[in-house]
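Chemist: Show me how the following folds:
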Amino acid sequence: MIRKLLSILMLAAVAMLGMQCSTVSKLEKEAYQVRYLPLNNYFVRNDIEATKLQKLIITNETDFRSFFGEAAVMGRNGHPTPVNFKTEYVLAVILPETDRSTDVTVLDVLQNGNSVIFNYHVERGEKNSYRLVPFAAVSLPKPRTTQNMEFYFNKK
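Modeler: Residues are numbered from 1 along each chain as shown. Below is the predicted model:
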């Protein structure tokens, strides 16, 4: 009985994933690229429970600071990328904590009507002696209204 229920749930999950992929593919065909700025020199705060994939739409500084801290480094471009939440918002994807070197790369951000598609790629590397929380984040110009907006986070 439990196996049958699990099989049904797995089949439903796969079907839903397939429908989202189909929806995103259709939206991408007529979408245009949105201007975005990658956010550099930030880290995911260590008080965030990073046990599952998180897809974030952040529209204010308080929420942003609850997830990210600034990581100023020496040298040219060593300051965190500034975000003006009066005119911008942030899209971010945070992966679960891992002991593998992991790069999350934003491929592009597309828009089709009220749908925004955040395409990203994950590349996993060697095992490390430490743990990290991989992420990618970008700032985008705020639309006039976010009412009825749909956001898709698409791993490629």
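Chemist: what sits opposite the most centrally placed residue in the chain in the beta ladder?
Modeler: Nearest residue to the geometric centre of the chain (CA atoms, centre = their mean): Val93, 2.2 Å. Judged by DSSP bridges, the bridge partners of Val93 are Lys55, Ala136.
Chemist: Please verify my assumption that it contacts Val104.
Modeler: Yes: contact criterion CB atoms under 8 Å: Val93 and Val104 qualify, at 6.5 Å. (Glycine included, C-beta is placed from N, CA and C.)
Chemist: ok, and for stretch 112-132, which residues are buried?
Modeler: By neighbour count on 16 or more other CB atoms under 10 Å, the buried set for stretch 112-132 is Asn112, Ser115, Val116, Ile117, Phe118, Asn119, Tyr120, Leu132.
Chemist: now swap in stretch 33-49 and tell me
Modeler: For stretch 33-49, burial by neighbour count (16+ other CB under 10 Å) applies to Val34, Tyr36, Leu39, Tyr42, Val44, Ile48.
Chemist: just how off-centre is the biggest strand by length in the chain within its chain?
Modeler: Counting residues, the longest strand found in the chain (DSSP state E) is strand 115-132. Relative to its parent chain, strand 115-132 has a centroid offset of 10 Å by CA atoms, centre = their mean, to the nearest Å.
Chemist: now swap in stretch 147-156 and tell me
Modeler: 10 Å.
Chemist: What is the end-to-end distance of that stretch?
Modeler: Stretch 147-156 has an end-to-end distance of 27 Å (CA to CA, to the nearest Å).
Chemist: ok, residues contacting that stretch?
Modeler: The contact list for stretch 147-156 (CB atoms under 8 Å, 6 or more residues apart in numbering) reads 20, 23-24, 27, 55, 57, 91, 93, 107, 114-122, 143.
Chemist: what's the answer for stretch 110-118, then?
Modeler: 24, 27-28, 30-34, 55, 91, 93, 106, 109, 119, 138, 140, 148-154.
Chemist: Inside helices: which ones of these?
Modeler: Within the contacts of stretch 110-118, residues falling in helices by DSSP state H are Val24, Leu27, Glu28.
Chemist: and the first one, what is it in contact with?
Modeler: The neighbours of Val24, taking CB under 8 Å, 6+ apart as the test, are Ile117, Tyr152, Asn154.
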